[in-house]
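> would you be able to build a 3D model of this:
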Amino acid sequence: MTALELTTPVVVPTPEKSPRAAKGRNDSPIFIDLSLPGTAIYWTTRWGVTLEKLQEAVDVVGTNSVDVAAHMGLPKRKSAQS
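Numbering: from 1, shown residues only. A predicted model of the protein is given here:
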């Protein structure tokens with residue numbers, strides 16, 4: 001496994017499209033799969049949290065990154081149009 005594979009996040013979009021996707025925006029949820037190489041490193045670095053805190057949040061609210069961020073009290077991302 002290369003260093004790039006360890007640090008590159010794997011994004012798993014949902015098969016359903018959100019209502020806003022038809023307007024040219026990709027609002028599909030991003031899921032956190034901690035079993036994939038590099039995913040834990042990406043999310044803990046991005047959010048500045050420990051692996052234990054990330055794992056606890058995923059265990060409580062599931063793997064949707066928006067739900068996990070909200071559970072940890074992180075601010076919402078600003079949209080490109082804001």
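> against Asp33, how distant is the closest residue to Ile32 other than its chain neighbours?
Distance criterion C-beta to C-beta, 6 or more residues apart in numbering; nearest residue to Ile32, sequence neighbours excluded, is Thr63 at 4.9 Å. Bear in mind the C-beta positions are built from the backbone N, C-alpha and C, glycine included. Using C-beta to C-beta, to the nearest Å, one obtains 6 Å as the distance from Thr63 to Asp33.
> which one's more surrounded, those two?
Thr63 (17 against 13; other C-beta atoms under 10 Å).
> check contacts around the more buried one.
Under the criterion of C-beta atoms under 8 Å, 6 or more residues apart in numbering, the contact partners of Thr63 comprise 31-33.
> mind giving me the packing neighbours of the top helix by length along the chain?
The residue-count maximum for a helix in the chain (DSSP state H) belongs to helix 51-61. Based on contacts counted as 3 or more C-beta pairs under 8 Å, 6 or more residues apart in numbering; DSSP states H and E, the elements that helix 51-61 packs against are helix 39-47, helix 65-71.
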